[in-house]
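**Q** model the structure of this input:
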Amino acid sequence: MNIAATDIDLDPRELRRLLEWPVDRDVDQRTQAHLDHSRDWYHEHGRPCALRHVLDLEALDATTMTVRGGPTLTCPPLAARLAEASADQLAVIGVSAGPEVDLRVSQLWGEDAYDEAIVLNAFAAAIAERLMAMTVNTLCHDYEPDRAAILPHYCPGYEGWELDELPKLLALLASEDCPLQVNDGGMLLPQKSMLGVVGLTDSPAALKQEGDLVPCRACSFSPCRMRRVPFESANRSIADVGVPSADAGVAPASTERRFAFSERALKKWATRYLELNSSGDGQVHARFTLNGTSCSNDPFDILYDVRLGAEKSGFRIAGMECSVPGGKSAFDTMCEYRLVGAPFVASIASHRPFEGALLNEVLDWHPAVNPAGCLCETAHQDYKWRIVLQTILYELGDL
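**A** Alright, predicted model coming up:
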């Protein structure tokens, strides 16, 4: 799809939501000026991208979808939705506000123009969301009324769909013009991008009311401060879905136990970033150095220390700690540190989500996660802790 930056109309209410602006207050003049400047800059420099590829579904069961000539995707909620709607095709959609935004945001942070950087970041997020809606609308235009319904879009990271399947979806776009990529940490780049699917069906029974098209209804990320509507599930309400702790964050025993990341990724992380040292009494000290990316797109290292004690039932996590060797210079580039300062640093050190648990129980840990490169939110931290702990488990073979 050829879309010019000037062709994208943004709803002011969406911009307010992404800026976390109180609904009962008007945007102040300074913020509005930043929004106007972001719009002018993007109209001149932005290069939005929207791609889609419609594929036939070859097989569909309770948990998986197999694309004809392609991979099998695993997401029970999406598979159930597609089966209920008798969907026979899947459209893969990739959209991005463009890499220019990442460079500009980094430049603004380097110039200490923090407010401008935050507003442009929110503006670009709105662009990505609008591009997804526009692309779905083109499917409706091109395929209806031949098809009875185009189902709501669904993305890895939504309820029940692991982020490690992003590379599978990206390969299905099969376009040389696609600027999207997935980095070693499983993060989609450019940062203001989206990658997901929609189902196509001939069944009139699949027609949904407009309210069902809001993606927040299918997302269980309870700490989200930008939610439009509550999470809806047949089994859980939004109040039931939090960030799990070591004693309350494991899945039911019936849940299939598998790594959240591909074996290729686990091997690479173990080789590049993990160092294991064993003592004579069976104790293991693991050090994992992860490459993070700040809110201004500046790289920094994150150091994870994990102490394991040997037991008959496996290794137990005796201690876990996260630190940032770069100190204040690294924290200065993160939005949350700019807002609250030292308490943010303390919260990172005190967040030990699986301390005291058996290491192999990390396979049953399904926290709300976000693959952003920074540490600003608990979901960002838990995503990285999950990488660290599952890589250690993979290397030790303690299953």
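**Q** what ranges do the strands span in the protein?
**A** Applying DSSP state E to the chain gives strands spanning 49-60, 64-67, 72-74, 87-96, 149-150, 181-182, 188-189, 193-201, 274-278, 284-293, 299-311, 314-323.
**Q** so what secondary structure elements neighbour the last one?
**A** In terms of contact count using 3 or more Cβ pairs under 8 Å, 6 or more residues apart in numbering; DSSP states H and E, strand 314-323 is assigned the packing partners strand 299-311, helix 342-350, helix 378-396. Where you see a C-beta, it was placed from the backbone N, CA and C, and this is true even at glycine.
**Q** which of those sits most buried?
**A** Highest mean neighbour count among the helices and strands packed on strand 314-323 (mean count of other Cβ atoms under 10 Å): helix 378-396, with a mean of 22.
**Q** which other helices and strands does it contact?
**A** With 3+ Cβ pairs under 8 Å, 6+ apart as the test, helix 378-396 has helix 263-273, strand 274-278, strand 284-293, strand 299-311, strand 314-323 packed against it.
**Q** please name every helix or strand in contact with the first one.
**A** On a contact count with 3+ Cβ pairs under 8 Å, 6+ apart, helix 263-273 meets strand 284-293, helix 378-396.
**Q** tell me which residues in the lengthiest helix in the chain are buried?
**A** Longest helix in the chain by number of residues (criterion: DSSP state H): helix 114-143. Across helix 114-143, burial judged by 16 or more other Cβ atoms under 10 Å covers 114, 116-132, 134-136, 138-139, 143.
**Q** quick one: closest of the helices and strands packed on helix 263-273 to residue 16.
**A** Closest approach to residue 16 among the helices and strands packed on helix 263-273 is made by helix 378-396 (21.9 Å; Cβ to Cβ).
**Q** quick one: the closest one to chain centroid distance?
**A** Centre-to-centre, helix 378-396 and its host chain are 15 Å apart (Cα atoms, centre = their mean, to the nearest Å).
**Q** tell me the mean pLDDT for that helix?
**A** The average pLDDT within helix 378-396 is 91.
**Q** tilt between it and strand 314-323?
**A** Angle of helix 378-396 versus strand 314-323, following axes from the mean of the first three to the mean of the last three Cα atoms, to 10 degrees, is 140 degrees.
**Q** care to break the protein down by domain?
**A** Structural domains assigned to the chain are 5-208, 263-396, following automatic domain parsing.
**Q** related to what we said a few turns ago, just checking, what packs against the longest helix of the chain?
**A** Of the remaining helices and strands, those touching helix 114-143 by 3+ Cβ pairs under 8 Å, 6+ apart are helix 12-18, helix 29-45, strand 49-60, strand 87-96, helix 99-110, strand 149-150, strand 193-201, helix 335-340.
**Q** tell me the buried residues in the fifth one?
**A** Buried positions in helix 99-110, judged by neighbour count with 16+ other Cβ under 10 Å: 99-102, 104-106, 108-109.
**Q** do the same with the longest one
**A** When neighbours are counted by 16+ other Cβ under 10 Å, the buried residues of helix 29-45 are found to be 31, 34-35, 38-39, 41-42.
**Q** how near is residue 161 to residue 195?
**A** Look at residue 161 and residue 195: by Cβ to Cβ, to the nearest Å, they are 11 Å apart.
**Q** joint contacts of those two?
**A** Common neighbours of residue 161 and residue 195, using Cβ atoms under 8 Å, 6 or more residues apart in numbering, are residue 155.
**Q** if we can go back for a sec, turn the helices and strands packed on strand 314-323 into a markdown table, including distance to residue 7.
**A** As requested, these are exported to a markdown table (distance: least, Cβ to Cβ, whole Å):
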| stretch | distance to residue 7 |
| --- | --- |
| strand 299-311 | 34 |
| helix 342-350 | 39 |
| helix 378-396 | 32 |
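**Q** nearest to residue 361, of these?
**A** For these, proximity to residue 361 was assessed by Cβ to Cβ; helix 378-396 is nearest, at 9.5 Å.
**Q** restrict that closest one to CA atoms and write it as CSV.
**A** Extracted C-alpha coordinates of helix 378-396, given in CSV (Å, rounded to 0.1, in the frame of the first residue of the first chain):
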residue,chain,number,x,y,z
THR,A,378,7.1,-3.8,34.9
ALA,A,379,6.1,-5.5,31.7
HIS,A,380,9.4,-4.4,30.1
GLN,A,381,11.4,-5.8,33.1
ASP,A,382,9.5,-9.1,33.2
TYR,A,383,10.0,-9.7,29.5
LYS,A,384,13.8,-9.4,30.0
TRP,A,385,13.7,-11.5,33.2
ARG,A,386,11.8,-14.2,31.2
ILE,A,387,14.6,-14.2,28.6
VAL,A,388,17.3,-14.5,31.3
LEU,A,389,15.7,-17.3,33.3
GLN,A,390,14.6,-19.4,30.4
THR,A,391,18.1,-19.1,28.8
ILE,A,392,19.7,-20.3,32.1
LEU,A,393,17.2,-23.1,32.3
TYR,A,394,17.9,-24.1,28.6
GLU,A,395,21.6,-24.1,29.2
LEU,A,396,21.5,-26.1,32.4
